[in-house]
Every structure is written in structure tokens, then in C-alpha cells.
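model the following, please.
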Amino acid sequence: MNYKKKFRNSLREIETPLPDRVLGASAKGNRNDKKKKLFRKISLTPALSVFLCIVLVGCTAAVGIPILINYMNARALTDNLEQLKTVPEGYVGIYTAEDLDNIRNSPESNYILMNDIDFSDTDFLEGGRFEGGFVPIGSEQSEDEIPAFSGIFNGNGYVIKNVKIAPATRVGKPNFGIFGMTNGQFINLGVEGIEINVGFSEADFYTDDEMIDVFVGGIAANADFVGGCYVKGATISISLENYFHGGEWEYKPYRRDGKPMLLVGGVAGASDYIDSCIADADISVTGEKDFTVSAGLLSGDAFSAITSITSGKLSVDGSKCVSVSVDRISSLSGGVSMPSILSETAMETIVEKIEKYYNEEWNSEWNSALFRAYYLKHSASHEDPSKPDTRRLYEEYMEINKMFGYVNIDDTNYDGDLYILDKHIVGSDAVHISKIVGEVFGSFDAFLDFCNENDIKCGIVNCYSFDSEEDIDVSKLERFDFEKIFIEKNGEVKLRIFDR
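From the prediction side, this is the model:
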């Protein structure tokens, strides 16, 4: 496929239009609302730029607005601009397909790719190195619980090519990608020609009324952070037809629509943060099962997606699906997007606004407590013996923040609290707390403005989708860092580290 594209500052229709009876009124409303939010721009007048610069970061007008640049492009990317020739301390080098496969034996370690890995068709044939397909790392596609990958995978500007992912033929959780369900971070990784065919067999999958969500992504089924990565020529085909459940689904009120979910994207099925990525994928979903589907060429579900571009085809044909959220970029958690991480100052500011607003109306303490309830507190000084992992989790999040710039904390000696959004939050809960902040700030868009202005990554900002076979007008790609992260050649946008 010719990867030259032309920018389009509007969403394209998905390959197969969804009938109203599939979407339902609420889903259609969410989809239309999301279309408006996908292409909201951070456009600042010179006067406002100076004002934000002084108020937010205490700099002078001559310096510019680095806080917004930090928001748009993670430090991890600007600090990793060239391929490393030696394995850095604290990392394990990956040189071969076998090395890649062995990551599952030590999923808590950090890894760095030291050359391209190119799979061949014979690898997946009978008697091949990965007969039947490459089993996702940390996929839990077995009767034993396999630990999720929880480290950092630095692609180092190299590419994994022509990998075929093993189909759903094992008892376990259906997570598909090179990596399965992870708590990991992925930077500077290229994936080309990946093929994922998910076709369920009633003989091999679930019994009783167990509800199992399905995650599918070109790099990972689920990830904390994906930055400076690209997926090109991905083919993802999913059939829900034979997804076995032993009868009718048991309604679960704490699930979105009370049904299991399918989350599928070219880069990740779901991710907390996607920063400066490129996705070119052909995604199709078919079947008659009553799933809730979230699909996007970038990600099926994201708390935050920024400065990324997509192209390809996206089709969902499931007339019995309960609700469908489909966007060419990414769907949002529950139809809305709340910050995944808040600093102590940000939490105090939001709660103070909630209490002040509802104090004039009704029940301020209940609403502020409700908002806090969905954010798990991690403290540097936490000494509760009943929660021995709290301090460790705090330290891990701080290390991640230093690398990826999740929240507006530049002080390396920061010892305040961090508030982490409960990852088990479901759509109805996300909608509930988003309504609270929407009322308090005047609108949810105004809340997103607050997040952007305070360097809190939230929502889908400056992401674009465009057609095939046409050049990109790079002058319209706002906040794309063409000095450090991206490069444009002959109408094609690439990540600079891959320009070899």
C-alpha cells in the first residue's frame, strides 16, 4: 500500500456504515460528541501564549510555551532520538525472534530491540519455530495464569516484521497482539505486516456464563503507554460468531451495557496513553454475538491519545452487537475520557471546584467524595501495613512519570500524593464523574481545556485521519514536533528515529 496520505481535518465514514438499530440513540450521541472532540485544537494567540507561559511555568515570553509541548510529546521520545548501539544498563537486548519469545519468562524486566526481526511464513507452518502462530507475550492463553508484561520495551528504532499471531485455540483469556494484556510501556517500536485472525472455536472456549472481554492490538492487547511507535500494513480480522458462552449472557450491571466488550485498534486494543504514533491498518469485525464493541485505527479505547495519525480501513458488521463505538482514531473510555493520573495539586483544585460549585446547589461532600472514590491514592509517605505495595507503586509511577511526563510534576524530589484512576472503572461510572466535572467547569470541553493548560494528559487531542494515496499537508498537523520526533519526506510523515 502506498503510504503517502493527505491530511483530512475531518473524520471519514467507516467502511461499513452502522445502522441506527445497532448504535442506539445513546451510542450515536456519544459518537457525534466524540467527533467534535477528536479534532479540537490547542490554538493560542500570542498574548495567551505569554500568559500561560508566565502563569503555568514562570518563564518569559521569549521562551515560548514548553508546558504545552511537554504535554504533546513525552520526554521519553525527545530523550531517545537515535538508535543505541549498545544495550543500556538495566535493559536486556533483543536480537532474535527467540529472544522476543523469551520475554514471557521474565515479564518484569526492561528490554531493547537491537536489530530488525523478520519472521518468515515457514515459522508458522507445521514444524516451524512458532507453529500455528506467535503466542502473545503475557496473553494468558493457557490454563495457568501467565504474568503480564510490566516493563519497558524500547524498540530503539527497529522493526518487527511479518509476524502472525496465534489464533484463539487455547483455553484462557482472549488477548491478541505481539504482547497480550500488559502493564508495560512501549516506545520507538515499528511493526510491519502483522496479521491477526481471531476466530473463536466453541470447542476450545468458555463455559457457563463467564463474561470475558476481548482485546486486540497490533503491538499490544492492552498497554499503559505507547509512544513514538508505528504499525504499518496491519491486517486484523475478528469473527465473534462462535464465541462460546454456554447460553445467554448473564446481565452484569457493573459492565457497560451489562455485556462483554471487544476492544480493537491498530496499535493497541486499549491504552492509557498514546503519544506520537502512526497506524495504518485494515480492521474488520463480524459476528452475531451481543458484544459491546469499541474500535479505532489507533486504539479501541484510550484515556489519552495525542499527536498521532491514522489511515486504513475500519469496518464493524455485527447486527446483534449491543452498542458500537467506532472512530477512525480511537474510541474513548465509556464515551468520555478522564485523566488516568492526577497530581496532588490537580486533585485538590478539582475537588475544591466541585465542593464550591455544589455547595451552592446541593450535596457538595457527596460529589467530591464520589470523584475521589474512582482515583486510588498513592503516597510517598504511605506507611499503612495493610497496603505494603502502596509505596512501591508510588515509586514506580514516579519513575514512569519522569520518563513519559504523565502529569505536571517536574520536581524529581516530588513527595506529594498521586491519584491513579481505577482501571476497573466502567463506562457508566466514567460518564457519571465526567458529568460532574462537566457541570463544575461549565462543559466537558472546558474541563479538557483545564487539563491541557495544566499539563494533564486527557482526551484525544491533535490526532488526524487521512486517506490513502495522497500527500499529507504537514503545515496542518498541529503540535507535531518535526524538529525532534517526526520527519516529512515527499508527503509522507515518519517517526524520525526510523529514518534510515
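
going forward, measure contacts and count neighbours with C-alpha atoms only.
Fine.

right, and residue 457 touches residue 451 too?
Yes. Using Cα atoms under 8 Å, residue 457 is in contact with residue 451, at 6.6 Å.

what about the two, which has more around it?
residue 457 (31 against 21; other Cα atoms under 10 Å).

how about the strands in the stretch 351-500 of the chain?
Ranges of strands within the stretch 351-500 of the chain are 375-378, 418-421, 459-461, 464-467, 486-489, 492-495, based on DSSP state E, counting those that start in this stretch.

give me the helices and strands touching the second one, please.
So the one you mean is strand 418-421. On a contact count with 3 or more Cα pairs under 8 Å, 6 or more residues apart in numbering; DSSP states H and E, strand 418-421 meets strand 341-343, helix 344-359, strand 375-378.

could the ones you listed go into JSON lines alongside distance to residue 305?
As requested, these are exported to JSON lines (distance: least, Cα to Cα, whole Å):
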{"stretch": "strand 341-343", "distance to residue 305": "14"}
{"stretch": "helix 344-359", "distance to residue 305": "20"}
{"stretch": "strand 375-378", "distance to residue 305": "20"}
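
who wins for proximity to residue 439 among these?
Residue 439 lies closest to helix 344-359 among the helices and strands packed on strand 418-421, at 8.5 Å (Cα to Cα).

that closest one - what's its average pLDDT?
The average pLDDT within helix 344-359 is 90.

now stretch 489-500
The pLDDT scores in stretch 489-500 average 90.

likewise stretch 368-388?
78.

just list the residues touching residue 93, thanks.
Residue 93 sits next to 87, 111-114 when contact means Cα atoms under 8 Å, 6 or more residues apart in numbering.

and those, which are buried?
Using 16 or more other Cα atoms under 10 Å as the burial test, the contacts of residue 93 include 111-114 as buried.

same list (those) but as CSV, adding pLDDT and secondary structure.
Below are these laid out as CSV (pLDDT from 0 to 100; DSSP: H, G, I helix; E, B strand; the rest coil):
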residue, pLDDT, secondary structure
111, 98, strand
112, 98, strand
113, 98, strand
114, 98, coil
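
pipe the contacts of residue 93 into JSON lines and attach distance to residue 404 per row.
What follows is these, written out as JSON lines (distance: Cα to Cα, whole Å):
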{"residue": "87", "distance to residue 404": "20"}
{"residue": "111", "distance to residue 404": "16"}
{"residue": "112", "distance to residue 404": "17"}
{"residue": "113", "distance to residue 404": "19"}
{"residue": "114", "distance to residue 404": "22"}
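
now, which of these sits nearest residue 121?
Nearest to residue 121, judged by Cα to Cα, of the contacts of residue 93 is residue 113 at 21.6 Å.

for that closest one, give me its contacts.
Residue 113 neighbours (Cα under 8 Å, 6+ apart): 93-95, 153-156, 158.

name the helix or strand for the residue nearest the centre of the chain, please.
The centroid of the chain falls nearest to residue 271 when counting by Cα atoms, centre = their mean (2.4 Å). Using DSSP states H and E, residue 271 sits in strand 268-275.

averaged pLDDT, the helix or strand following that strand. What do you get?
Counting by DSSP H and E, the next helix or strand C-terminal to strand 268-275 is strand 278-286. Average pLDDT, strand 278-286: 93.

ok, then the element right after strand 278-286?
Next along the chain after strand 278-286, taking DSSP H and E as the criterion, comes strand 292-296.

okay, now the sheet partners of that next one, with direction.
Using DSSP bridges, the strands paired with strand 292-296 are strand 261-265 (parallel), strand 323-327 (parallel).

which stretches of the stretch 401-500 of the chain have low pLDDT?
410-412, 426-427 (pLDDT under 70).

so where do the helices sit in it?
427-441, 444-453 (DSSP state H, counting those that start in this stretch).

any idea how far the last one is from the chain center?
In terms of Cα atoms, centre = their mean, to the nearest Å, the gap separating the centre of helix 444-453 from the centre of its chain is 19 Å.

just want the angle from it to helix 427-441.
Going by axes from the mean of the first three to the mean of the last three Cα atoms, to 10 degrees, helix 444-453 is angled at 80 degrees with respect to helix 427-441.

for the closest residue in space to residue 394 that isn't next to it in sequence, name its beta-bridge partners.
Using Cα to Cα, 6 or more residues apart in numbering and skipping the chain neighbours, the partner closest in space to residue 394 is residue 378 (5.3 Å). Counting by DSSP bridges, residue 378 forms beta bridges with residue 418.

residue 97 versus residue 499, what's the distance?
Note on residue 499: its distance to residue 97, by Cα to Cα, to the nearest Å, is 23 Å.

how about residue 265?
From residue 265 to residue 97 the distance is 24 Å (Cα to Cα).

quick revisit: and the helices and strands packed on strand 418-421: which comes nearest residue 133?
The closest approach between residue 133 and any of the helices and strands packed on strand 418-421, judged by Cα to Cα, belongs to strand 341-343 at 36.2 Å.

touching the closest one from outside, list them.
Strand 341-343 has contacts (Cα under 8 Å, 6+ apart) with 406-409, 416-421, 456.

again, only using 7 Å
Contact with strand 341-343 is made by 407, 417-421, as judged by Cα atoms under 7 Å, 6 or more residues apart in numbering.

dump the residues you listed to a markdown table, plus neighbour count and distance to residue 342.
A markdown table is the format used below for those (neighbours: other Cα atoms under 10 Å; distance: Cα to Cα, whole Å):
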| residue | neighbour count | distance to residue 342 |
| --- | --- | --- |
| 407 | 23 | 6 |
| 417 | 18 | 9 |
| 418 | 23 | 6 |
| 419 | 21 | 5 |
| 420 | 18 | 7 |
| 421 | 19 | 8 |
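
distance to residue 343 for those - can I get that in a markdown table?
A markdown table is the format used below for the contacts of strand 341-343 (distance: Cα to Cα, whole Å):
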| residue | distance to residue 343 |
| --- | --- |
| 407 | 7 |
| 417 | 6 |
| 418 | 5 |
| 419 | 6 |
| 420 | 9 |
| 421 | 11 |
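
mind checking the SS state of residue 237?
Following DSSP: H, G, I helix; E, B strand; the rest coil, the label given to residue 237 is strand.

burial of it, as a residue count?
Residue crowding around residue 237 was assessed by other Cα under 10 Å; the count is 18.

distance of it relative to residue 296?
With the distance defined as Cα to Cα, residue 237 ends up 13 Å from residue 296.

any idea how this structure splits into domains?
Listed by automatic domain parsing, the domain ranges of the chain are 6-40+73-333, 341-457.

circling back to that earlier point, what helices and strands are in contact with the strand holding residue 271?
Packed against strand 268-275 by the contact rule (3 or more Cα pairs under 7 Å, 6 or more residues apart in numbering; DSSP states H and E) you find strand 214-217, strand 220-227, strand 299-306.

now with 8 Å, please.
Contacts defined by 3+ Cα pairs under 8 Å, 6+ apart place strand 268-275 against strand 214-217, strand 220-227, strand 261-265, strand 299-306.
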